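>>> what follows is a predicted structure for the sequence shown.
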Amino acid sequence: MKSVLITGANRSIGLETAKQLSQKGLFVYLGTRNLEKGRAVVEELKKEGFQNIKAIELDVTKPDSVLEAKKIVEEEQGQLDILINNAGMSKGFPESALTTSITDIQEVFETNYYGAIRVTQAFMELLRKSAQPRISNITSGLGSLNLHSDPSWKYYNVKLASYFPSKALVNTYTILLAYELQDSPFKVNAIDPGYTATDFNHHSGPGTVEDAAAFIIKHTLTPDDAPTGKFFSKDIEDGTEVSPW
């Protein structure tokens, strides 16, 4: 049975992704900052018939928490097949490039960018033991420099001084990571599940968490000849072509 770790997975898209992967027969580690809340979520899932899901305490901003989670996965599985860096945050809208504080920007970067790197580096040892390792970095169309430079883009006026650059850096890290792992079985991609109705955006998005999770899984459970180091966005196109960075 393949194993997957999803960070920030106790609600919204992360939770739905965990549910769908569980239904596909994977063992899912549901990463959560609050273990008690995570366990409560898992208990509800079990009542609904979901199997092979375990809550694991994981705060991507805290090195000790990440290493402890890695230790648990190593002891229980011996390896990790899939890492989905889903944990993310935003300080809200609007965010001016002229007035947003460095403190706010650093807080967002600590979760969205540094957190993804911290978890990836910590779990690399376990991922290398998998025959088909996959790393999916969950990003946003708001992290595309090309789109943000195009006045005709429908979200052109949504400029967030911390969230936008944090996701642009996640995209950059995806390229770097894929390059370093190009001669291995790894597939590393940035995946934008689209503008989805979640707590993150006060349920303003038109997409559903079910469709968003399915899109993430489509570009995660990929064959050996699948692309790596690419950016796929549900909002930009149907996922058959690489999206603009």
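Yep, that arrived. Residues are numbered from 1 along each chain as shown.
>>> what sits against the residue minimising distance to the centre of the chain?
Centroid-nearest residue in the chain, with Cα atoms, centre = their mean: N86, separated by 2.3 Å. Under the criterion of Cβ atoms under 8 Å, 6 or more residues apart in numbering, the neighbours of N86 are I6, T7, G8, A9, I13, G14, T17, G31, I138. Every residue, glycine included, has its C-beta placed from N, CA and C.
>>> and it, how far from T120?
12 Å (Cβ to Cβ, to the nearest Å).
>>> equivalent analysis for N52, please.
N52 is 23 Å from T120, by Cβ to Cβ.
>>> and if you look at V60?
In terms of Cβ to Cβ, V60 sits 10 Å off from T120.
>>> have a look at those two and say which one is more surrounded.
More crowded of V60 and T120, by other Cβ atoms under 10 Å: V60, with 27 against 19.
>>> and the more buried one, what is it in contact with?
Here V60 is in contact with T7, G8, G31, V66, A87, T111, G115, A116, R118, V119 (Cβ under 8 Å, 6+ apart).
>>> which strand or helix spans it?
Remark: V60 resides in no helix or strand, with elements defined by DSSP states H and E.
>>> same thing with the one 4 residues further on?
With elements delineated by DSSP H and E, D64 resides in helix 63-77, which encompasses its position.
>>> which residues are in contact with the following helix or strand past that helix?
Sequence order places strand 82-85 as the next helix or strand after helix 63-77, per DSSP H and E. The contact list for strand 82-85 (Cβ under 8 Å, 6+ apart) reads 2-7, 9, 14, 17, 26, 115-116, 119-120, 123, 127, 130, 133-138, 170, 216, 220-221.
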